[in-house]
Structures are given as C-alpha cells and as structure tokens.
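# Model the structure of this input:
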Amino acid sequence: MIDRIDISSPNTTVLAYCDDNPRIWARVAATITNVSEIEAKALALWFNSTFGILEYFKNRSPQRAYFQIQMPGIKSLQIPNIRSFSDEQERSLNALYREISHVEMPSIIEQFVRLTEPVNINRELIQERFGNSHLLGSGFQVREQLDRELLRILGGDVDLFERTKQELYKSVLHSLITFSNYMKK
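Residues are numbered from 1 along each chain as shown. The predicted structure is shown next:
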C-alpha cells in the first residue's frame, strides 16, 4: 500500500497492489504482511476502489496534495472484515481480482475524468489542469466494475450506487482538482 503519494499526479495509477515477492521500500510504501492470499487480494482491491480512495482522503496527514498515511493512520483505516467473508464472497473476490489485476490502469485523475459527465464539471478547468478534457464522460469500465462488484460482495446497495455514482465520481474528481491546486502552489 502506497503511504506517501501525490494522488493528483498523472503518474499515479493505483494506491495498492498485491505481490508474492517481498520488497524493500524507501519511504514510499507500507508493506502489509502476515495476511493470507485472499486477504492481500481483497486489500489491494479495496484500497484501489473509490471507497478505498475516500479512506485515503479521510485519513491522510496534511502534506499539501500528498497523501501520507503513517502507521497509526493505517491501523485506523476502515476496511472490510475479510476474515469473516463466506466462501462465496472469497470466490467472488478471487474472480474480480483475476479479472482486473492485469489491466493497465490510466492515472487516477484520468479514471475520474473519464467517469465524470461533461455537464457535471467545468471542461475548461479540466483542460487547464490536466489537458485531457476530451476524455470527460468517455467512461472507465474497470473502475465502475471494481466499485460495483466490491459493493455487491460486501452486501452494499448496488442500486443506490448505480443511481449516485455520477455524483460520487464528480465529487472525487473535484477533490483531486483541489489536491492538484495545492501542488501547483
């Protein structure tokens, strides 16, 4: 899990990933160990979902646009209780992980630009900040699928998500624009 990152950077594509190979990081990532394979996959899916990104927003230490979450903050992140998952939930998580884990993700900013309808945001602002206003509303199925399927697996209200996802994605994009403004100062 990345614990210090500029989430508004065009080079930031994911916030967490799952790997069998142990790594040594120099102040970039927090390594979560002593978890099962299904727990590691579930955590990677969760932290890369919109819901996980909102947890980063909520728990980050003030560092301009940087998201920095230190160990006390990491321990306070709200995550699903994976150890209580049923066999069916675990199978569904594995299937979702297999389906999207090899997708080359665009930047997090671009993902939310693609998911925000042009009528819901100032096109000129997007062009000025990120240079990709032509992508507004073009969709990014992988993020929608990740959010929808995680919500379904966790027993959330998928119908409510479908009705409100445009507002959710627009709000996240507005936050990313705000973080990007901090980085420009």
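
# Which positions within the longest helix along the chain qualify as buried?
Ranked by number of residues, the top helix in the chain under DSSP state H is helix 158-184. With burial defined by 16 or more other C-beta atoms under 10 Å, the residues of helix 158-184 counted as buried are 161, 165, 168-173, 175-177, 179-180. (Glycine included, C-beta is placed from N, CA and C.)

# How far does that helix sit from its chain's centre?
Taking C-alpha atoms, centre = their mean, to the nearest Å, one finds helix 158-184 lying 11 Å from the centre of the chain it belongs to.

# Tell me how far stretch 152-165 lies from the chain's centre.
Taking the mean of its C-alpha atoms, stretch 152-165 sits 16 Å from the chain's own mean (C-alpha atoms, centre = their mean).

# Show the end-to-end separation of it, please.
14 Å (C-alpha to C-alpha, to the nearest Å).

# Check stretch 83-90 too.
Terminal residues of stretch 83-90 are spaced 10 Å apart (C-alpha to C-alpha).

# contact partners of it?
For stretch 83-90, the surrounding residues in contact (C-beta atoms under 8 Å, 6 or more residues apart in numbering) are 38, 39, 42, 93, 153, 154.

# Show me where this structure dips below the pLDDT cut-off.
1-6, 19, 21-34, 59-77, 181-185 (pLDDT under 70).

# in it, which spans are strands?
According to DSSP state E, the chain carries its strands in the segments 4-6, 66-68.

# Please name the residues that touch the residue positioned nearest the centre of the chain.
For the chain, the residue nearest the mean C-alpha position is residue 48 (3.2 Å; C-alpha atoms, centre = their mean). Contact analysis of residue 48 by C-beta under 8 Å, 6+ apart lists 14, 15, 16, 17, 146.

# how about the closest residue in space to the third one that isn't next to it in sequence, what does it touch?
It stands for residue 16. Residue nearest to residue 16 in three dimensions, not counting chain neighbours: residue 47, with 3.7 Å by C-beta to C-beta, 6 or more residues apart in numbering. Shown in contact with residue 47 (C-beta under 8 Å, 6+ apart): 1, 15, 16, 53, 55, 56.

# Looking at the residues you listed, spot the one nearest residue 138.
Of all the contacts of residue 47, residue 138 sits closest to residue 53, with 19.8 Å by C-beta to C-beta.

# neighbours of the closest one, just the number please.
Residue 53 has 22 neighbours, counted by other C-beta atoms under 10 Å.

# any idea how far residue 98 is from it?
Using C-beta to C-beta, to the nearest Å, residue 53 is found at 22 Å from residue 98.

# What of residue 127?
Taking C-beta to C-beta, one finds residue 127 at 37 Å from residue 98.
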